[in-house]
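J.: below are the sequence and a predicted model for it; my questions follow.
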Amino acid sequence: QVQLVESGGGLVQPGGSLRLSCAVSGSIFRINVMAWYRQGPGLQREVVARINYDGSTMYTDPVKGRFIISRDIGKNTVYLQMNSLKPEDTAVYYCNAVIETRSGYASREYWGQGTQVTVSS
């Protein structure tokens, strides 16, 4: 079984910062992709940032220059440092990972339970 457990959400004022963490545990051969998604009120879930196996990253345009995705390979953990937060960043943030559980097996996608981030004064 593979589990993704997020932490670090909460309430923050506009312009503030938060850091989200997502720890992956269970039967893991290789984590190919780790990503953060978010779903705002009345909106569809969207990708926020992604870090690939080779360390390359991508960000959705609204967060470029403000958010940083990083990882600790030894801890199977991905982080999302969120700076200069805006009210429109308010959403449930989900951790996502594409994982090979055994060598030669097809990769599968896994999701965390989500953590609420609220940006408000």
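T.: Alright, I've got the coordinates. Numbering: from 1, shown residues only.
J.: so what's the residue nearest the centre of the chain up against?
T.: Central residue of the chain (CA atoms, centre = their mean): Trp36, 2.5 Å from the mean position. By CB atoms under 8 Å, 6 or more residues apart in numbering, the contact list for Trp36 reads 20, 22, 47-50, 69, 78, 80, 93-96. C-beta: built from backbone N, CA, C; applies to glycine.
J.: do that again at 10 Å, thanks
T.: The contact partners of Trp36, by CB atoms under 10 Å, 6 or more residues apart in numbering, come to 6, 20, 22, 47-51, 59-60, 63, 67, 69, 78-80, 82, 93-96, 112.
J.: mind listing what's buried in the one helix or strand it maps to?
T.: Using DSSP states H and E, Trp36 maps to strand 30-39. Under the neighbour-count criterion of 16 or more other CB atoms under 10 Å, strand 30-39 has Ile31, Met34, Ala35, Trp36, Tyr37, Arg38 buried.
J.: what does the pLDDT read for the last one?
T.: Same thing as Arg38. Arg38 carries a pLDDT score of 98 in this model.
J.: doesn't Tyr93 make contact with it?
T.: Yes: between Arg38 and Tyr93 there is a contact at 4.9 Å, judged by CB atoms under 10 Å.
J.: overlap of the contact sets of those two?
T.: With CB under 10 Å, 6+ apart as the test, Arg38 and Tyr93 both reach Val48, Leu80, Gly114, Thr115, Val117.
J.: as TSV, those with neighbour count would be great.
T.: Shown next, in TSV, are those (neighbours: other CB atoms under 10 Å):
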residue	neighbour count
Val48	24
Leu80	26
Gly114	17
Thr115	21
Val117	22
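J.: go through these and say which is closest to Asp89.
T.: Closest to Asp89 out of the shared contacts of Arg38 and Tyr93 is Val117 (6.5 Å), distances taken as CB to CB.
J.: thought Val63 was touching that closest one, still the case?
T.: No: at 11.9 Å, Val117 does not count as touching Val63 under the criterion of CB under 10 Å.
J.: overlap in contacts, the two.
T.: By CB under 10 Å, 6+ apart, the residues touching both Val117 and Val63 are Arg38, Leu80, Met82, Leu85, Asp89.
J.: and those, which of them are in helices?
T.: Residues from the shared contacts of Val117 and Val63 lying in helices, with DSSP state H as the criterion: none.
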